[in-house]
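Colleague: sequence first, then the predicted structure, then my questions.
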Amino acid sequence: MTTTARDVLAAARGLADDLLFPDAMRVDRLDVLPVTHLDALAALGLYGAPVPVQACGLGLDLAASCAVVEELASGCLATTFVWLQHRGLVMTLAAKGTPAALRDRWLGPACQGEVRGGIALTGLIPGPPLLRARPSAGGWRLDGEAPWVTGWGLIDLLLVLARGPEDSIVSLILDAAAHPGLTVTRQRLSAVNASVTVRLGFDDVAVPGERFAGQERFDPAERLRPDRLRIHGSLALGVAGR
């Protein structure tokens, strides 16, 4: 682990001990977690944790990122759960294949936590598509559902992965706000309910062409990538460690 990674880990541990854990029981009873908790993560630069330093991030590798997740989850699982969704957005923005216009507009603010992201990875679920993206004049149209989207009302942008033409995965970045044809239904959870997890229904929801982030062949094994499974496992490891 690099010196920088050790410093970030120590800062995350201090935040968990001093702010998150003392307030965790109260947060567990809330409908919405305090935005100030997310602001504290942003102040440490943690929204840019996996992004290379030259692209305004902290440059943490997978092992260091997992360690940070474990420290934060040991303080407050709901806060960490919402923050972790941002990883999908910021890594998509930082990817080489992402259109430069999207990267130039959003990556810096996303790394600073000024713009916060969530994910709807429904297109990766094997079997018949639950969410489809089809080309439309000037952009794309979304139809279907995303059963589990976390952080609604706490995020600004939503990374949507939907099944596209010829069994592909289409990546789109949508404003996390009201849209014609979009319905939002709150999911009530027995744990981390303050994460504001919702079901999104898409009925011919329009996405402008400039919000297209990429398209690739659908691979069912992508959902089971070891890095994705490992970092989500850090949530449980952090709680157990505390």
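Modeller: Right, received. Where do you want to start? Numbering: from 1, shown residues only.
Colleague: the residue nearest the centre of the chain: helix or strand, and which one exactly?
Modeller: Centroid-nearest residue in the chain, with C-alpha atoms, centre = their mean: Gln85, separated by 2.1 Å. Take DSSP states H and E as the rule and Gln85 turns out to sit in helix 77-94.
Colleague: quick revisit: run through the residues that contact the spatially closest residue to the residue nearest to the centre of the chain that is not a sequence neighbour.
Modeller: Computed as C-beta to C-beta, 6 or more residues apart in numbering, the closest residue to Gln85 that is not its neighbour in sequence is Gly118, at 4.6 Å. For the C-beta atoms, the positions are set from N, CA and C on the backbone; glycine is no exception. By C-beta atoms under 8 Å, 6 or more residues apart in numbering, Gly118 lies in contact with 85-86, 89, 149-152, 155, 157-159, 176.
Colleague: what about the helices in the chain?
Modeller: Under the criterion DSSP state H, helices of the chain are mapped to 3-15, 21-28, 35-43, 62-73, 77-94, 100-112, 226-241.
Colleague: save these as JSON lines, and put in distance to Ala191 and mean pLDDT too.
Modeller: Listed next are the helices of the chain as JSON lines, based on distance: least, C-beta to C-beta, whole Å; pLDDT from 0 to 100:
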{"stretch": "helix 3-15", "distance to Ala191": "21", "mean pLDDT": "92"}
{"stretch": "helix 21-28", "distance to Ala191": "8", "mean pLDDT": "96"}
{"stretch": "helix 35-43", "distance to Ala191": "17", "mean pLDDT": "98"}
{"stretch": "helix 62-73", "distance to Ala191": "12", "mean pLDDT": "97"}
{"stretch": "helix 77-94", "distance to Ala191": "7", "mean pLDDT": "97"}
{"stretch": "helix 100-112", "distance to Ala191": "27", "mean pLDDT": "96"}
{"stretch": "helix 226-241", "distance to Ala191": "10", "mean pLDDT": "91"}
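Colleague: pLDDT score assigned to the residue lying farthest from the centre of the chain?
Modeller: Distance to the chain centre peaks in the chain at Ala137, reaching 28.4 Å (criterion: C-alpha atoms, centre = their mean). Per-residue confidence for Ala137 comes out at a pLDDT of 90.
Colleague: and Glu216, by the same measure?
Modeller: So, for Glu216, pLDDT stands at 95.
Colleague: from Ala95, how far out is it?
Modeller: 11 Å (C-beta to C-beta, to the nearest Å).
Colleague: again, but for Thr150
Modeller: Distance from Thr150 to Ala95, by C-beta to C-beta: 22 Å.
Colleague: which of the two has more neighbours?
Modeller: Thr150 (22 against 13; other C-beta atoms under 10 Å).
Colleague: in contact with the more buried one, which residues?
Modeller: Counting by C-beta under 8 Å, 6+ apart, Thr150 has contacts 81-82, 85, 118-119, 195-197.
Colleague: mind telling me the two of the residues you listed farthest from one another?
Modeller: Maximum pairwise distance among the contacts of Thr150 (C-beta to C-beta): 13.9 Å, between Ile119 and Val196.
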